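**Student:** coords please:
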Amino acid sequence: MAWWSLYKWFGSFRTTPFENMITWYTNKLNHEWYESLSDEEKEQYIKKAEERKRNNENALTQLMATYATIVDKCRNMLLIRRI
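**Tutor:** Residues are numbered from 1 along each chain as shown. Alright, predicted model coming up:
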């Protein structure tokens, strides 16, 4: 019975979400840095971020194409073995 009362009493502490202060402080520093940029620098930063995103998407597409090719070759090899 005692454990149940303690469980109920500490329930509010279990369900209370904590704030990750490291993430909060990192976001704060990034926000302050971005706000300190001039308008031209912000535009350049946005262009570079978009270019990085496109490059990552292209790399992922190439990786998936390579993976699909490998899977097809393995399937063909398995089909040949069965015959």
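**Student:** mind showing which ranges of the protein have poor pLDDT?
**Tutor:** Along the chain, the model assigns pLDDT under 70 to residues 1, 3, 11-17, 79, 81-83.
**Student:** how many neighbours does the residue nearest to K42 when sequence neighbours are not counted have?
**Tutor:** Excluding the flanking residues, the one nearest K42 by C-beta to C-beta, 6 or more residues apart in numbering is Y34, at 7.2 Å. Heads up, the C-betas are built off the backbone N, CA and C, glycines and all. Using other C-beta atoms under 10 Å, Y34 is surrounded by 11 other residues.
**Student:** Tell me if I'm right that Y34 and E41 touch.
**Tutor:** No: counting by C-beta atoms under 8 Å, Y34 does not reach E41; the two are 9.3 Å apart.
**Student:** Which helix or strand contains the residue nearest to K42?
**Tutor:** helix 21-36 (DSSP states H and E).
**Student:** Could you identify the helix or strand that succeeds that helix?
**Tutor:** For helix 21-36, the succeeding helix or strand toward the C-terminus, using DSSP H and E, is helix 39-82.
**Student:** how distant is that following helix from the center of its chain?
**Tutor:** 16 Å (C-alpha atoms, centre = their mean, to the nearest Å).
**Student:** What helices and strands are in contact with that helix?
**Tutor:** Using 3 or more C-beta pairs under 8 Å, 6 or more residues apart in numbering; DSSP states H and E as the contact criterion, no helix or strand is in contact with helix 39-82.
**Student:** tell me the angle of it relative to helix 21-36?
**Tutor:** 130 degrees (axes from the mean of the first three to the mean of the last three C-alpha atoms, to 10 degrees).
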